[in-house]
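Enquirer: What follows is a predicted structure for the sequence shown.
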Amino acid sequence: MRPNEFLTSLGSLANASGLAELQQHLHASGDTLTPEEASNLHDMVKNVIRNAPKQQMENVEIRVGPTPGYGGAATLPQRGLISIEPRHLKNPALLAHEAGHIESVRESGGGVYKSIQDFSRNRFKEITQYGTVLSIPAAIGILALAKNPASKKRALNILTGLAAAAAAPTLIEEVVATRKALQNVPERARDARALSSGIKDYAWAAAKPMAVLQLAKLLARK
């Protein structure tokens, strides 16, 4: 563990002593929680543990510190580990969301859902980035080489379907984790707005290659 990191667990944060230890670490790093923020975090953690007793969420580890993952939080579901930046503890929604990923994997026993998680964490950005870049020459090539509008449309429909299929597992998984988070946070209306922005980011990344291909389909009609 690095000097500027603090390792705890959901079980520890459900107890006053564990929460006090976190506060002491945050105070030393200049990120102290207000009494209300600490209370909201404490309540959320207790809800996560209580609402998923079979998943043993109390043993999920929390690494508080610099996090290179998307949005300042990252999850390793197979290890039961969440890494999160201190600033995100002021609103427990993101931590609840990341806990939702781990809960889903434990509910399913791994298997297919674990594969979706691995894809989401390791391949989604890569695929959407390359998909956006590659969709442009692919669309231009189809428009230039396909012999008639019907064949152009058919080829573009296939590519659009592949782009949607690549993005769908991640988007579904993000929605499921958000739903679980909203069952556990103390202020659902506020946190629903905060978490929906993350889903919008994923959706926008997934939509870029499909938008390029849809534009090509419009051009193919001319």
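Expert: Thanks, I have the structure now. Since the model is a prediction, treat every value here as computed from it, not as a measurement.

Enquirer: Which secondary structure state is assigned to the residue of the chain positioned farthest from its centre?
Expert: Centroid-distance maximum for the chain: residue 147 at 42.1 Å, with C-alpha atoms, centre = their mean. For residue 147, the secondary-structure state derived from DSSP: H, G, I helix; E, B strand; the rest coil is coil.

Enquirer: Flag every buried residue along the helix or strand harbouring residue 151.
Expert: For residue 151, the host element (DSSP states H and E) is helix 149-182. Buried residues in helix 149-182, counted by 16 or more other C-beta atoms under 10 Å: 152-153, 155-156, 159-160, 163, 166-167, 169-171, 173-174, 176-178, 180-182. Glycine gets a C-beta too; all of them are placed from N, C-alpha and C.

Enquirer: give me phi/psi at the residue farthest from the centre of the chain?
Expert: Per-residue torsions, residue 147: phi -80, psi -30 (degrees, to the nearest 10).

Enquirer: I'd like the distance between it and residue 4.
Expert: Distance, residue 147 to residue 4, using C-beta to C-beta, to the nearest Å: 62 Å.

Enquirer: just so I have it, where are all the strands in this structure?
Expert: 6-9, 61-64, 73-76, 81-84 (DSSP state E).

Enquirer: Among those strands, which comes closest to residue 192?
Expert: Between residue 192 and those, the shortest separation by C-beta to C-beta is 17.4 Å, and it involves strand 73-76.
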